[in-house]
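Chemist: give me the fold of what follows.
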Amino acid sequence: MTTKAALVDQIKSLQRSDPNAKQAWCDFSDARLSGVRDPNRQDESTLANFLTLFANGGISAISQQASSFGAAPSTLGDKIKIMQKNDPAAKQAWGDFCDAQLGGVRDPNKHAPHVLNSFLELYQSGGMASIQQAAQWGGGLAAPAGSTVDLSGFIKTGQKTSPEHF
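Modeler: Here you go, the predicted structure:
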């Protein structure tokens, strides 16, 4: 039986020597391991499973799914992860949304589907400005002391873009 250290070394060696292997590990980690890419943080069976799938060409389906934003991700969390990977603006928007609304917890798989749908609707409607303002203010609706803010405009924008939150 192969030890965990040997499996970790094998995966790291593959990543250094083969760009396809590196991408396969990233895709595998994103799709199945909540994006945790450090092989040292995985158990032996997970590492052995990846190596077997990679050796037999079984990773290609995961790689194809993760590499294309147009592909149908298996979960809403996967969709948000793929958006972040392919679009810096989406990554920033998700971070702002998490900071303002979700206590800074950025792993989409740790949130309920209705929360993820709210983010997707808000992002696709272009309503992230109100969330970004809230993030700048520390996640609340109160502006910093001494600043001038059009609070009624902020609330109206929020009502139009995300009525369930206002």
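Chemist: give me the mean pLDDT for the helix or strand that contains Asp96.
Modeler: Take DSSP states H and E as the rule and Asp96 turns out to sit in helix 88-101. Averaging pLDDT along helix 88-101 gives 86.
Chemist: tell me what it is packed against?
Modeler: helix 76-86, helix 113-124, helix 128-136 (3 or more C-beta pairs under 8 Å, 6 or more residues apart in numbering; DSSP states H and E). For every residue, glycine as well, the C-beta is placed using N, CA and C.
Chemist: so which of these is nearest Asp38?
Modeler: Proximity to Asp38 (C-beta to C-beta) singles out helix 76-86 among the helices and strands packed on helix 88-101, at 16.6 Å.
Chemist: redo the helices and strands packed on helix 88-101 as JSON lines? Include mean neighbour count and distance to Arg41.
Modeler: Listed next are these as JSON lines, based on neighbours: other C-beta atoms under 10 Å; distance: least, C-beta to C-beta, whole Å:
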{"stretch": "helix 76-86", "mean neighbour count": "19", "distance to Arg41": "17"}
{"stretch": "helix 113-124", "mean neighbour count": "16", "distance to Arg41": "24"}
{"stretch": "helix 128-136", "mean neighbour count": "19", "distance to Arg41": "29"}
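Chemist: who's in contact with Leu76?
Modeler: Counting by C-beta atoms under 8 Å, 6 or more residues apart in numbering, Leu76 makes contact with Pro108, Pro113, Leu116, Asn117, Leu120.
Chemist: if we use 10 Å, what do you get?
Modeler: Leu76 makes contacts with Pro108, Asn109, His111, Ala112, Pro113, His114, Val115, Leu116, Asn117, Phe119, Leu120, as judged by C-beta atoms under 10 Å, 6 or more residues apart in numbering.
Chemist: before we move on, what about Thr52?
Modeler: Gly58, Ile59.
Chemist: please, which helix or strand holds it?
Modeler: helix 44-55.
Chemist: which parts of that helix are buried?
Modeler: Thr46, Leu47, Ala48, Phe50, Leu51, Leu53, Phe54 (16 or more other C-beta atoms under 10 Å).
Chemist: so which of these is the closest to Pro88?
Modeler: For the buried residues of helix 44-55, the nearest to Pro88 is Phe50 (28.0 Å; C-beta to C-beta).
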